[in-house]
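Undergrad: structure for this input, please:
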Amino acid sequence: MEQFSLIVLDLGGTKLNIGRYRDGKIEHSVLYPFDNTMSVSHSIDFLCNCINEQKLADTIGIAIGVPSIVNVDQGVVFNAVNIKSWQEVPLKEALEKRFNFPVYVNNDVNCFTKGEHLFGVGQGCKDLVGLCLGTGLGAGIILQGNLFIGANCCAGEVGGFSYLDGYLDDYCSGSFFKKHYQQCGSELAKLAREGDKRALTAFEKFGEHLAVAIKHLLLMIDPQLIVLGGSVSKSFDLFIDSVWKNLDDFPYANVIENLAIEKSQQKNSALLGAAHLYLA
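TA: Model prediction:
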């Protein structure tokens with residue numbers, strides 16, 4: 001059987017995870033900080049430099065997940081909330097010109113969700129939601145075993161719902177801790193595990209807000225499983241009890257009884273999902 005590799009990227013608001021996919025596995029991956037204030041040209045140069053470091057003689061293509069909605073057929077990225085310069089970026093065209101490889105572009109959380117469906121805790125589920133709690137809040141949707149992105153790749157962008165004095169994105173992501181507690185979530189998690197009451201309260205409130213986002217998803221999608229990923233999911237144990245407590249008033253009790261909420265156990269779900277969407 002012919003051997004080949006794909007370069008796979010998971011771009012977030014502050015980090016880039018990039019690796020090589022071969023034979024159903026990620027054989028090498030590297031995490032880089034990403035400066036989301038860069039211009040379009042500088043950010044594409046950055047991506048190209050990272051891709052060059054991964055490229056091998058048997059590389060046949062590039063698959064990338066990005067934190068925004070995408071015209072998947074054309075590979076054009078629109079209105080990236082956490083990358084201000086990315087308002088309409090023909091990313092597929094730009095990368096194909098640089099590398100002369102086919103390029104596939106989709107939303108980062110769609111890639112994560114597909115990876116969880118194929119390789120993670122979502123295996124065997126027909127209806128699931130992947131919910132990433134990182135720089136922002138994003139969701140990917142598997143319906144009846146297939147990734148559902150909607151007409152404009154906007155399906156699952158639950159972070160855009162108006163909520164309190166902003167959007168769910170502001171209260172169900174790392175932004176919540178910085179805005180309301182002036183500390184990053186990882187610092188507060190350390191304090192919470194040491195018994196700090198203020199930090200414990202922060203995660204209790206976070207769980208309360210996340211439950212609101214989950215209620216929206218339950219009413220729209222009615223999944224068997226919600227898989228949590230992203231940097232804030234590392235603090236799963238600190239907020240999950242609050243989430244369940246705040247789901248008690250959901251209008252359909254049997255939906256809550258039949259729901260599972262789990263933390264991703266996979267390091268590279270988004271990379272695996274991007275590769276399989278490229279190959280599909």
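
Undergrad: Ser264 contacts Leu228, doesn't it?
TA: Yes - counting by Cβ atoms under 8 Å, Leu228 is a contact partner of Ser264 at 6.5 Å. The C-beta positions use only the backbone N, C-alpha and C, and glycine is treated the same way.

Undergrad: ok, now how distant is Leu9 from Ser186?
TA: 23 Å (Cβ to Cβ, to the nearest Å).

Undergrad: can you check Leu218 too?
TA: For Leu218, the distance to Ser186 - Cβ to Cβ - is 29 Å.

Undergrad: ok, the two, which is more surrounded?
TA: Leu218 (20 against 13; other Cβ atoms under 10 Å).

Undergrad: how near is the nearest residue to that one once chain neighbours are set aside to Gly156?
TA: Nearest residue to Leu218, sequence neighbours excluded (Cβ to Cβ, 6 or more residues apart in numbering): Val255, at 5.7 Å. As judged by Cβ to Cβ, Val255 and Gly156 stand 18 Å apart.

Undergrad: neighbour-wise, which of those two wins?
TA: The neighbour count for Val255 versus Gly156, taken as other Cβ under 10 Å, is higher for Gly156 (27 against 15).

Undergrad: looking at this, that one is in a helix?
TA: No - using DSSP: H, G, I helix; E, B strand; the rest coil, the assignment for Gly156 is coil, not a helix.

Undergrad: report how many residues lie close to Pro33.
TA: Neighbours of Pro33 using other Cβ under 10 Å come to 8.

Undergrad: list phi and psi for it.
TA: Phi and psi for Pro33, reported as degrees, to the nearest 10, are phi -70, psi 150.

Undergrad: thought Gly12 was touching it, still the case?
TA: No - using Cβ under 8 Å, Pro33 makes no contact with Gly12, being 10.3 Å away.

Undergrad: what about Gln144, how many neighbours?
TA: Using other Cβ under 10 Å, Gln144 has 7 other residues around it.

Undergrad: in this structure it contacts His117, no?
TA: No - counting by Cβ under 8 Å, Gln144 does not reach His117; the two are 11.6 Å apart.

Undergrad: bridged to Val76, which residues?
TA: Asn71, Pro90 (DSSP bridges).

Undergrad: ok, it - contacts?
TA: Contacts were defined as Cβ atoms under 8 Å, 6 or more residues apart in numbering; by that measure Val76 touches 70, 88-92, 105.

Undergrad: buried ones among those?
TA: 70, 89-92, 105 (16 or more other Cβ atoms under 10 Å).

Undergrad: roughly how far apart are Val72 and Val103?
TA: For Val72, the distance to Val103 (Cβ to Cβ) stands at 11 Å.

Undergrad: those two: who's more crowded?
TA: Ranked by neighbour count (other Cβ under 10 Å), Val72 and Val103 place Val103 first, with 21 against 17.
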